[in-house]
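Asks: coords please:
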Amino acid sequence: MKEQGSISIYELWNLYSSKISTESPAGAAQFLFAAKPYLPSAMVKNLEKLNTPGFSALKFISKLIADST
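Replies: Got it, this is the predicted structure:
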């Protein structure tokens, strides 16, 4: 049973798909916009960092690997 205000990943994907087909181009920013009402604010802030021009996925993953060894 879902909590009030919660959404399944399937429902979220459908919401995202409807937004990109009618309003905006596909991308991380649009997905975050669709998900924002359903996520804690701390998680939203961390996810927004992933969508900045200076973010490097390679550096991020490399740091995670280095920190875990």
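
Asks: could you point out where the protein is predicted with low confidence?
Replies: The model of the chain has pLDDT under 70 over residues 1-5, 22-23.

Asks: could you point out the longest helix in it?
Replies: Longest helix of the chain, by residue count under DSSP state H: helix 9-22.

Asks: from the chain's centre, how far out does that one sit?
Replies: 13 Å (CA atoms, centre = their mean, to the nearest Å).

Asks: do you know how far Asn46 is from Pro25?
Replies: 23 Å (CB to CB, to the nearest Å). From N, CA and C alone the C-beta is placed, and that goes for glycine too.

Asks: with Ala35 instead?
Replies: Counting by CB to CB - Ala35 and Pro25 are separated by 17 Å.

Asks: before we move on, what about Ala42?
Replies: Separation of Ala42 from Pro25 (CB to CB): 27 Å.

Asks: also Tyr38?
Replies: Tyr38 is 22 Å from Pro25, by CB to CB.

Asks: between those two, tell me which one has more neighbours.
Replies: Tyr38 (15 against 7; other CB atoms under 10 Å).

Asks: surely that one meets Ile9?
Replies: No: counting by CB atoms under 8 Å, Tyr38 stays clear of Ile9, with 10.2 Å between them.

Asks: brilliant, that's me finished.
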